[in-house]
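Colleague: Please find the sequence and the predicted model below.
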Amino acid sequence: MHREAGMHGTTIEGTDMLRRLYDWTMGLAGHKHADSSLFAISFVESSVFPIPPDVLMIPMVLAQRARAWIIASIATIGSVLGALLGYWIGAVLMDTVGQWVLTVYGKEAAYQQLAERFAAYGGWAVLIAALTPFPFKVITIFSGAVGLSLPVFVLTSILGRAGRFFVVAGLLWRYGPPIRDFIERRLGLVFTIFMVCLVGGLAAVRFL
């Protein structure tokens, strides 16, 4: 009983911490150094930070819709460079920092199974994680741990991150505040369904 209470308290503390991080990230949107903050958040989110760049990017685009493409570019560049840090962590620091990150995101128990699958489908895994709500940092670390081809890793990271951020920026530029709820609540699901259909379609063509 005491254990359950302790676990419940830990869960609440973790949720409160994420809420504070979320609010802090949102607060950066109105700062005079918002562009630098977006780059920094995009960079660290690809390896360790739990809050996605979209949280900061959305209010920035809504405040300055004419700069939508510049803002999306900043997020993309920061995220891809941060992905290289995640790759390095997986390649060099897997037993320490890498394991800690995987533990935080609940992926440490399935490491061996995921590593085997990732070695075979790494490029697709990077692209899917870059587009969907799946923690991108987990995939960047796995990429380095299993030795995924660096050119493949960089290319799929660019395609996935640019695809995600420019779609978000484009929707906000075109529709403004009314599209915000859709982006925050449903766009991740749309991207996920799209990738499932794409991968399924390519698999079907391969075996026909």
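Modeller: On my side now, so go ahead. Since we're looking at a predicted model, the values are computed, not measured.

Colleague: And the next helix or strand past whatever helix or strand T140 lives in?
Modeller: In this structure, T140 is located in helix 136-146 according to DSSP states H and E. Using DSSP H and E, the helix or strand that follows helix 136-146 in sequence is helix 150-175.

Colleague: Check the offset of the helix or strand just after that following helix from the chain's centre.
Modeller: Following helix 150-175 in sequence order, the next helix or strand is helix 180-185 (DSSP H and E). Between the centre of helix 180-185 and the centre of its chain there are 16 Å (C-alpha atoms, centre = their mean, to the nearest Å).

Colleague: how about the one residue sitting closest to the centre of the chain, what does it touch?
Modeller: For the chain, the residue nearest the mean C-alpha position is F136 (3.8 Å; C-alpha atoms, centre = their mean). Residues near F136 by C-beta atoms under 8 Å, 6 or more residues apart in numbering: 45-46, 79, 83, 86, 129-130, 161. Quick note: C-beta positions are derived from backbone N, CA and C, even for glycine.

Colleague: Neighbour-wise, which one of those residues leads?
Modeller: Most neighbours among those, by other C-beta atoms under 10 Å: A83, with 32 neighbours.

Colleague: can you redo the contacts of F136 as JSON lines with distance to D16 and secondary structure?
Modeller: Shown next, in JSON lines, are those (distance: C-beta to C-beta, whole Å; DSSP: H, G, I helix; E, B strand; the rest coil):
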{"residue": "E45", "distance to D16": "20", "secondary structure": "helix"}
{"residue": "S46", "distance to D16": "25", "secondary structure": "coil"}
{"residue": "S79", "distance to D16": "26", "secondary structure": "helix"}
{"residue": "A83", "distance to D16": "29", "secondary structure": "helix"}
{"residue": "G86", "distance to D16": "26", "secondary structure": "helix"}
{"residue": "A129", "distance to D16": "27", "secondary structure": "helix"}
{"residue": "A130", "distance to D16": "29", "secondary structure": "helix"}
{"residue": "R161", "distance to D16": "29", "secondary structure": "helix"}
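
Colleague: Among the residues you listed, find me the one that's closest to W100.
Modeller: Proximity of the contacts of F136 to W100 (C-beta to C-beta) peaks at G86, which lies at 12.8 Å.

Colleague: I'd guessed the closest one sits against A145; true?
Modeller: No - with contact defined as C-beta atoms under 8 Å, G86 and A145 do not form a contacting pair (10.1 Å).

Colleague: What helix or strand is the residue lying closest to F166 once chain neighbours are set aside located in?
Modeller: Once flanking residues are discounted, F166 sits nearest to A72: 4.7 Å by C-beta to C-beta, 6 or more residues apart in numbering. A72 is part of helix 68-92 when elements are defined by DSSP H and E.

Colleague: Name the next helix or strand downstream of that helix, please.
Modeller: The first helix or strand that comes after helix 68-92 along the chain, using DSSP H and E, is helix 99-104.

Colleague: Buried ones in that following helix, by neighbour count?
Modeller: Of all the residues in helix 99-104, those buried under the rule 16 or more other C-beta atoms under 10 Å are 99, 101-102.

Colleague: so, if you compare those, which one comes nearest to I41?
Modeller: For those, the minimum distance to I41 (C-beta to C-beta) is 16.5 Å, reached by V101.
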